[in-house]
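**Student:** Using only what follows, build the 3D model:
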Amino acid sequence: MLNQVTVTLNGATVAVPAGATVAVDMILAGQACRTSVGGEPRGPLCRMGICFECRVAINGKPHCHSCQIICEPGMKVSTDE
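**Tutor:** Got it, this is the predicted structure:
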């Protein structure tokens, strides 16, 4: 069995494999990272932290690159902040 980490994503508890990035958490939960000004859902594109499409708030800190941050137990992730 894989080790798992539990994080809170937009108020819901989500378990992901240990070592997974926040972007993986978002994908597994079927959540968009943010919504564009036109209303389209946005998600990880480059997976290198240069496109800014995967920005989320983590533990209250806005504009974090979800593709570059490993999930930690108890982490709180929210979108469109």
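**Student:** When you work out contacts or count neighbours from here on, use the C-alpha atoms and nothing else.
**Tutor:** Fine.
**Student:** other SSEs contacting the helix or strand of the chain with the lowest mean pLDDT?
**Tutor:** None of the helices or strands of the chain scores lower by mean pLDDT, DSSP states H and E than strand 34-35, at a mean of 82. Judged by 3 or more CA pairs under 8 Å, 6 or more residues apart in numbering; DSSP states H and E, strand 34-35 is in contact with strand 41-42.
**Student:** May I have the strands that pair with the strand it packs on, each with its orientation?
**Tutor:** Strand 41-42 has the following sheet partners, assigned by DSSP bridges: strand 34-35 (antiparallel).
**Student:** what comes into contact with the least confident helix or strand of the chain?
**Tutor:** Pro41, Arg42, Gly43, Glu53, Cys54, Arg55, Val56, Thr79, Asp80 (CA atoms under 8 Å, 6 or more residues apart in numbering).
**Student:** For Cys67, state which of these is nearest.
**Tutor:** Cys54 (6.6 Å; CA to CA).
**Student:** tally of neighbours for Leu28?
**Tutor:** 12 (other CA atoms under 10 Å).
**Student:** list the contacts for it?
**Tutor:** Neighbouring residues of Leu28 by CA under 8 Å, 6+ apart: Val16.
**Student:** Please report how far it lies from Thr21.
**Tutor:** Leu28 sits 11 Å away from Thr21, going by CA to CA, to the nearest Å.
**Student:** Just send the contacts of strand 34-35 back as CSV, with neighbour count, distance to Pro73 and pLDDT too.
**Tutor:** CSV is the format used below for the contacts of strand 34-35 (neighbours: other CA atoms under 10 Å; distance: CA to CA, whole Å; pLDDT from 0 to 100):
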residue, neighbour count, distance to Pro73, pLDDT
Pro41, 13, 26, 87
Arg42, 16, 25, 84
Gly43, 22, 22, 82
Glu53, 23, 24, 87
Cys54, 26, 20, 89
Arg55, 25, 20, 90
Val56, 27, 17, 93
Thr79, 19, 18, 88
Asp80, 14, 22, 68
